[in-house]
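Asks: Here is a sequence with its predicted model. Questions after.
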Amino acid sequence: MMTNNQPGMTLIVKTITRLTVGVILLYGIYIVLHGHLTPGGGFAGGVIIALSFVHLMLAFGKEVALKRFSMAAASVFESLAGLMFLTVAVLGFLGGWFFLSIYGKGEPFALFSAHMVLLSNIAIGCKVGAGLFAVVLGMLILTKSEGKK
Amino acid sequence: MIYSLCLILFGVGLYCVIAKRNIVKIIIGLAIMEYAVNLLFVLFGYRLNGSAPILDKIQETKNIVDPLPQALVLTAIVIGLATTALLVSVAIRIYEKYGTFDISKIKKLRG
Amino acid sequence: MNMLDIQILLIMMVVGAVIAVESRNLLSAIVAVGLVGLFQSLAFLLLMAPDLAIVQLVVEILGIVILLRATIKRDTISPEGGFRFLPVFAGIVLAAPIVIAACLTALELPAFGHPLMSVAKTYIADGLAKTGAGNIVAGIILDFRAYDTLGEAVVLFTAVIGALAVLRKVGRKQKEERSAAE
């Protein structure tokens, strides 16, 4: 059903993907970092980061995406982000309780304030993004089916 | 009145899970049930003429909608996506083993 | 009623759900589920929950991509024979009493628009002072109730591991085919 034999989609889709996939990744990182000031947070930003990699994989075929972010790298990244979230929690033992917020609060409405919320947002954003990308990548490369997808 | 519309949506999803034979239809029914439950939680916390639970430098109003159901639903939405992905992987494996999505034929074939 | 817009959105969501359930073509059903998710995101926006609107929209997009991955290149017409009496009857008999009982229970709750907010009053009152975050919902899920977020991270991890474990396992027939091909 395809008129060209190259993996991925047509030329129009590839051109537009080249222009926009970096902007989508940057937008996801922005939503993660500003999670304590504006709506969004770790979960929304993480899913947007996963969507940018999935977009790259759907438009160019799986080899190009695997070169950027392979399956092993995604698994390691997700586990490291989960461990970082646990570290933020265990460091509360320095104050007396699990998950106690011993970090500073900073001045309100600045970008680097509320350090516990900021660190947790970054950890959860990486975890959700890497995990969901690993699942979609697994569906595309681990099942045998004829055709481009 | 609004609660009953949301519960009718839940009932439509529940009917789809019970009465359909295709596995992908069953997954669609589960997704509709999840949407209905998440919406019901947020409906319980709405306050008439309230504002969003984001504080700004100009803190002029204190009539804020309930932020607690929103905090509960926020993680529930992402968990719903993860379980849908798990179900779809099982459906893909079933299709590769039996060649069909029909659950009444899967019981008869032996692997 | 000043809630006319939410009621219209809910009615359209029910119509979209009925189309998704009854359509024979699987691609139309998946598009209808996407429609229900989009209206759900609009409903979250009208109910003053911008966090949830963003998350619901992007999760809906990824959900449609995953569902399409399962059905494309495989059969996309549902194998319904006709009107089979027993499953439809069982579906209506089991689903209707649950919905009616839940509607009768929902009459006992506080009226729509006047929540109790007995716990949330303290969260709103000293949310900014204790956590330093302007977004109260982010402060709740990552500072006041961080245990729940830890549980959610564990559930997400387990679901990802489960999906990868199911996809990685090669069945017995495929092993025979691959060893016969070599």
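Replies: Cool, got the structure. Fair warning: this is a prediction, and the values are worked out from it, not measured in the lab.
Asks: Enumerate every residue touching C:L156.
Replies: By CB atoms under 8 Å, 6 or more residues apart in numbering or on different chains, the contact set of C:L156 is A:127-128, A:131, B:78-79, B:82. No exception for glycine: its C-beta is placed from N, CA and C like everyone else's.
Asks: buried set for the host helix or strand of it?
Replies: Assigned by DSSP states H and E, C:L156 belongs to helix C:146-168. For helix C:146-168, a neighbour-count test (16 or more other CB atoms under 10 Å in any protein chain shown) marks C:146, C:149-150, C:152-153, C:156-157, C:159-164, C:166-167 as buried.
Asks: tell me the mean pLDDT over it?
Replies: Taken as a whole, helix C:146-168 has an average pLDDT of 90.
Asks: all helices for the chain, in order.
Replies: Picked chain A for this. A:11-33, A:42-60, A:62-68, A:71-90, A:115-141 (DSSP state H).
Asks: sorry, should have said chain B
Replies: Going by DSSP H, chain B shows helices at B:2-19, B:23-44, B:67-98, B:103-106.
Asks: Same question for chain C.
Replies: Ranges of helices within chain C are C:4-22, C:26-46, C:50-71, C:85-106, C:120-125, C:127-131, C:136-139, C:146-168, C:172-181, based on DSSP H.
Asks: Just name the most buried of the ones you listed.
Replies: Neighbour counts (mean count of other CB atoms under 10 Å in any protein chain shown) averaged over each of these peak at helix C:136-139, with a mean of 28.
Asks: Name the surrounding residues that touch that one.
Replies: Helix C:136-139 is contacted from outside by A:35-36, A:39, A:41, A:114, A:117, A:121, B:53-55, B:64, B:67, B:70-71, B:74, C:51, C:123-124, C:127-128, C:130-131, C:133, using CB under 8 Å, 6+ apart.
Asks: Tell me how far the spatially closest residue to B:R47 that is not a sequence neighbour lies from C:I8.
Replies: Nearest non-adjacent residue to B:R47, counting by CB to CB, 6 or more residues apart in numbering or on different chains: B:V65, 4.7 Å away. Distance of B:V65 to C:I8, computed by CB to CB, to the nearest Å: 20 Å.
Asks: Give me the distance between A:L26 and A:A134.
Replies: For A:L26 relative to A:A134 (CB to CB), the value is 22 Å.
Asks: Tell me which of these two has more neighbours.
Replies: More crowded of A:L26 and A:A134, by other CB atoms under 10 Å in any protein chain shown: A:A134, with 24 against 13.
Asks: Okay, the more buried one and chain B: tell me how far apart.
Replies: Going from A:A134 to chain B by CB to the nearest CB, to the nearest Å gives 10 Å.
Asks: Okay, buried residues for the worst-scoring helix or strand of chain A on mean pLDDT please.
Replies: Every helix and strand of chain A was ranked by mean pLDDT, DSSP states H and E. The lowest is helix A:62-68, at a mean of 79. Neighbour-count burial for helix A:62-68, counted by 16+ other CB under 10 Å, picks out A:62, A:65.
Asks: any weak-confidence spans in chain B?
Replies: When residues are selected by pLDDT under 70, those of chain B lie in B:58-61, B:108-111.
Asks: And the residue nearest the centre of it?
Replies: When CA atoms, centre = their mean is applied to chain B, the residue found nearest the centroid is B:E34 (1.6 Å).
Asks: Might you report the residue contacts of the closest residue to A:K14 other than its chain neighbours?
Replies: With sequence-adjacent residues excluded and distances taken as CB to CB, 6+ apart, A:K14 is closest to A:A59, at 5.8 Å. By CB under 8 Å, 6+ apart, the contact set of A:A59 is A:8-9, A:13-14, A:17.
Asks: Name the member of these that has the highest neighbour count.
Replies: Counting neighbours by other CB under 10 Å, A:G8 leads the contacts of A:A59 with 21 neighbours.
Asks: Make sure that residue is actually in contact with A:G61.
Replies: Yes. With contacts counted by CB atoms under 8 Å, A:G8 reaches A:G61, the gap being 4.1 Å.
Asks: my guess is C:L128 contacts C:G134, does it?
Replies: Yes. The pair C:L128 / C:G134 is scored as a contact, 6.7 Å apart, by CB under 8 Å.
Asks: Show me the common contact partners of those two, please.
Replies: Joint contacts of C:L128 and C:G134 (CB under 8 Å, 6+ apart) are A:108, B:55.
Asks: in chain A, what spans have low per-residue confidence?
Replies: A:1-7, A:93-104, A:143-149.
Asks: So for the chain, the centremost residue is which one?
Replies: No chain in the question, so chain A it is. In chain A, the centroid-proximal residue (CA atoms, centre = their mean) is A:G129; its distance is 2.8 Å.
Asks: oops, I was thinking of chain C
Replies: Closest to where the C-alpha atoms of chain C average out (CA atoms, centre = their mean) is C:G37, at 7.9 Å.
Asks: Identify the residues contacting C:Y123.
Replies: Contact analysis of C:Y123 by CB under 8 Å, 6+ apart lists B:67-68, C:136, C:139-140, C:144.
Asks: How about the residues of chain B by chain A?
Replies: B:52, B:54, B:56-57, B:74-75, B:77-78, B:81-82, B:85, B:88-89, B:92, B:96 (CB under 8 Å from any CB of the partner chain).
Asks: In PyMOL, select just the buried ones from the residues you listed.
Replies: In PyMOL, this line selects whichever of those come out buried by 16+ other CB under 10 Å:
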select buried, chain B and resi 52+54+74+75+77+78+81+82+85+88+89+92+96
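Asks: how about the residues of chain B next to chain A, which pair is most distant?
Replies: Spanning the widest gap among those are B:K57 and B:E96, at 56.7 Å by CB to CB.
Asks: Can you read off the pLDDT for the closest residue to C:S23 other than its chain neighbours?
Replies: Counting by CB to CB, 6+ apart, C:A29 is the residue found nearest to C:S23 once chain neighbours are left out, at 4.7 Å. C:A29 is assigned 92 on the pLDDT scale.
Asks: again with C:M3
Replies: The per-residue pLDDT reported for C:M3 equals 77.
Asks: Wait, it touches B:I2, no?
Replies: Yes. The criterion here is CB under 8 Å, and C:M3 meets it with B:I2 at 6.4 Å.
Asks: Please enumerate the shared neighbours of these two.
Replies: In contact with both C:M3 and B:I2: C:F112, using CB under 8 Å, 6+ apart.
Asks: give me every residue that touches B:I94.
Replies: B:23, B:101, B:106.
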